[in-house]
Structures are given as C-alpha cells and as structure tokens.
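Chemist: give me a model of this one.
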Amino acid sequence: MKNIRVAITGVGNCASSLIQGIHYYREVFRTGQEIVGLAHPTLGGYTPGDIEIVAAVDVDARKVGRPLHEAMFAPPNNTKVFYDRFTYDDVIVQMGNVLDGVPPHMAEFPDHQAFRVAEKPSATKDDIIKLLRDSGAEILMNYLPVGSQKGTEFYAECCLAAGVSLVNCIPVFIVSNPAWAKRFTEAGICCVGDDVKAQVGATITHRVLARMMFERGAKIDATYQLNWAGNTDFLNMLERSRLKCKKISKTEAVQSQLDVPLPDDQVHIGPAEFVPWQKDNKVCALRIEARGFGGVPLNIEARLSVEDSPNSAGETIDAIRICKIGRDRKLAGPLLGISAYTMKHPPKQFTDYEARQMVEEFIEGGAAATAGGTYVSDAAKTHIPAK
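Modeler: Numbering: from 1, shown residues only. The predicted model follows:
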C-alpha cells in the first residue's frame, strides 16, 4: 500500500507528538515489540508508520527555514520527547500566513514560552496551494493556535483548491459548519473535524462519566471542568477573546451526552490558567453534582493529569488513516463516524460507544465502502450524498 502523504500547518507540540509517534511505531512494528497506546495498530491495512510527512508550515522564527526534525523540538515546544531517532532533511518548514494566529499578548512572555514571528513575508494562498501540490500531500493537519479563525479558513480554502483533505484539530468550526461541509462535499474531498479529543483526556472522561450517570438514572444538576497547563496552547488562551469556539466545543461535547442540556449557569467547562512549570502536562479537575434514588445527592470529583500533546496524537493517528481510506473510497465531505469518535465538535454528536461502532463499521467496509457519499453508519441512520 502507498504511504499516506500528510502536510502540517503549525509545528507545535501536537505536531511534534504525532511525528514522534509515527517513527516510534514504525520501529515498534519493525522490531516486533509490544504495541501499546493504539486503538487500531493496523487500520484498513495502514499502520502509523505508513504516514509520511511531506510538508510543514509555521510562522515562528525558530522553526521557519529549518528541517522538520529540528523545528519540531524548537522553542516554544515543550512536550515530552519519547522518540527522536529520525531526520527530515528534505522537509524544510515553510513560512505560513500569520493572519490571526499570534495574539499580541504573546510579546509579553519570554522567548522559550511565546511565539516569535519570523521576519519573512506571509505566504499567499498560491504559495500554500503550490506547496501542497508539489509535495503530493493528500491530507493537511491543522494545528494552528486556538482562536485562529481567519488562519483556519485560509488553509481550508487552500485545501479546496489543491484537492487536499483537511483534518481540523482546533476549535474553529469548518467540518461542522454546513456551508464549509457543503463546499468540501461538492469538491469531492473528504474531511474530519473539528477540535480533537484526547485519547484519555478531560473531555472524553467528562463525557463518559456524564453519560454513565444519565444511563444509570441519576439527574445531573451542575458540573464544571477546569484545565491548566504550561504549554503554548494555554498561554495563547490567556487571551479570553480567543476562547469563544473552544468553550462552545468543550461544553457541547459534554452537554450532548445528557437527555436535557443543563442551564448555562449550571455548567462551566474551559481552560483555567497557564502554569509555566507544568510545560505540556495538563491537569483537569472536574465535578458533577447529581441526585440519585429518592432524590438523594451524589457527587463525583475527578482529577486527571496527562501529557497533553501525545494524548491528542492518540486520536489523530486514527483520523489520518480513516481520512486516507475515505480518499481511497472516493468519499466526499465530512466523515461523520471518525469525526464523532476523535473530535469534540463533529457535524453530529453521538455517544462514544456509538461513534466507535461507526468507525469499526467503516473500517470493515460494507455499505461504508460505497463511493459517492459520506458514510455515517446504519446505527446513525444518516447519509449525506456527495455530488
């Protein structure tokens, strides 16, 4: 089978973890070691090692113009290094388009924490389209900072022009926006999004606990989820104006698991603070207040500590391979099963059990393999025809 040719915009911690994982699992498969940390070691015939990074774009002065294997470990990246025995001499990080990707407050922080924009002209749409075409990229991973509305739309336009699929890992609503979804469908390009869930993170944990309480007959009255870390994502989100879509995405991901959504003043989900020394370690504190049998109160409190970026790569490694299968099958528009499984704000929400079943059905083929439409699943009873 051919490699899956992937381009990346935003060479931050999440991109670093994904790239490390590609090579880590390539070595694991080659040497016959125990395979841990993958929901699907082989997915539709593709292993993680079949993913090939063919192009990368950033705007930071410490990354632009450098080989990818150097740029991905350059400041302000601070995620855990778990595999670095590889080089990318033939993939030089190209200058992107700044647009709204770097908030002004970043200038107040030390070099090792904040973006430092390269003194180069921003890339034009034609520049990015040419890069995607020349590199042979099939899929673009969007890892721009939270709040990059204009930037994400810019790269989505480039994907449409170049015939490249988009896996949108941030909370800017493209795949879940009907107007954008229609454009990808009409262009005959499949896509996955929006806003990646972690493999075992705050959102998935909160969703599962909330759904469990609902299914066991408890009535949830209020809940909160607070998150803090020391990576650039949390530094960026100190600018609260960039959080509108992030709060919508995280809140809807949990509310969707309840029979009746909680009132706005009874649910609070979102980033809490930037704690520099934690680096890429994210801590989540959540509480669910409910009433059980006889109206008697019951509460759940949980604390989760994770390395944030490898946690996201645990899901994007599947999103990429499913997206490639969608391209192989000539499907168009949002791939709803994998979007529901790996993203916080998919076009349509399902329980995590339903979403996993949809993904397994998709992998097996059957009706899902039919070209000419975006497949959801028999369980979902939804089918969006492609033109």
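Chemist: around A39, how many other residues sit close by?
Modeler: When neighbours are defined as other CB atoms under 10 Å, A39 has 14 of them. From N, CA and C alone the C-beta is placed, and that goes for glycine too.
Chemist: for the one 4 residues further on, same thing?
Modeler: The burial metric for L43, expressed as a neighbour count using other CB under 10 Å, is 21.
Chemist: do the one 3 residues further on as well
Modeler: Neighbour count for Y46, taken as other CB under 10 Å: 22.
Chemist: from what I can see it touches K324, true?
Modeler: Yes. Here Y46 reaches K324: they are 6.4 Å apart, a contact under CB atoms under 8 Å.
Chemist: need the residues touching each of the two.
Modeler: Shared contacts of Y46 and K324 (CB atoms under 8 Å, 6 or more residues apart in numbering): I4.
Chemist: show me where the stretch 1-150 of the chain has helices.
Modeler: 13-31, 68-71, 125-135, 149-162 (DSSP state H, counting those that start in this stretch).
Chemist: rebuild those helices as JSON lines, extending it with mean neighbour count and mean pLDDT.
Modeler: Converted to JSON lines, these look like this (neighbours: other CB atoms under 10 Å; pLDDT from 0 to 100):
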{"stretch": "helix 13-31", "mean neighbour count": "21", "mean pLDDT": "98"}
{"stretch": "helix 68-71", "mean neighbour count": "20", "mean pLDDT": "98"}
{"stretch": "helix 125-135", "mean neighbour count": "18", "mean pLDDT": "98"}
{"stretch": "helix 149-162", "mean neighbour count": "21", "mean pLDDT": "98"}
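Chemist: nearest to L304, out of the ones you listed?
Modeler: helix 13-31 (17.5 Å; CB to CB).
Chemist: surely S305 is in a strand?
Modeler: Yes. Assessed with DSSP: H, G, I helix; E, B strand; the rest coil, S305 lies in a strand.
Chemist: so which residues of the stretch 251-387 of the chain form helices?
Modeler: Under DSSP H, counting those that start in this stretch, the stretch 251-387 of the chain gives helices at 308-328, 336-342, 352-364.
Chemist: and among those helices, the most buried is which?
Modeler: Among the helices of the stretch 251-387 of the chain, helix 336-342 has the highest mean neighbour count (mean count of other CB atoms under 10 Å), at a mean of 29.
Chemist: same question for it, mean pLDDT?
Modeler: Helix 336-342 shows a mean pLDDT of 98.
Chemist: export only the CA atoms of it, formatted as PDB.
Modeler: The C-alpha trace of helix 336-342 is given here as PDB (Å, rounded to 0.1, in the frame of the first residue of the first chain):
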ATOM      1  CA  LEU A 336     -19.100  11.600  10.500                       C
ATOM      2  CA  GLY A 337     -18.100   8.400  12.300                       C
ATOM      3  CA  ILE A 338     -14.400   9.300  12.800                       C
ATOM      4  CA  SER A 339     -15.300  12.900  13.400                       C
ATOM      5  CA  ALA A 340     -17.600  11.900  16.300                       C
ATOM      6  CA  TYR A 341     -15.000   9.400  17.600                       C
ATOM      7  CA  THR A 342     -12.000  11.700  17.600                       C
END
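Chemist: how far off centre is that helix?
Modeler: On the basis of CA atoms, centre = their mean, to the nearest Å, helix 336-342 sits 11 Å off its chain's mean C-alpha point.
Chemist: which elements pack onto it?
Modeler: For helix 336-342, the packing partners by 3 or more CB pairs under 8 Å, 6 or more residues apart in numbering; DSSP states H and E come out as strand 190-193, helix 308-328, helix 352-364, strand 373-377.
Chemist: redo the ones you listed as TSV? Include distance to F234 and mean pLDDT.
Modeler: Converted to TSV, these look like this (distance: least, CB to CB, whole Å; pLDDT from 0 to 100):
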stretch	distance to F234	mean pLDDT
strand 190-193	21	98
helix 308-328	9	98
helix 352-364	25	96
strand 373-377	34	40
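Chemist: adding distance to E153, write the helices of the stretch 251-387 of the chain out as a markdown table.
Modeler: Formatted as a markdown table, the helices of the stretch 251-387 of the chain follow (distance: least, CB to CB, whole Å):
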| stretch | distance to E153 |
| --- | --- |
| helix 308-328 | 19 |
| helix 336-342 | 18 |
| helix 352-364 | 26 |
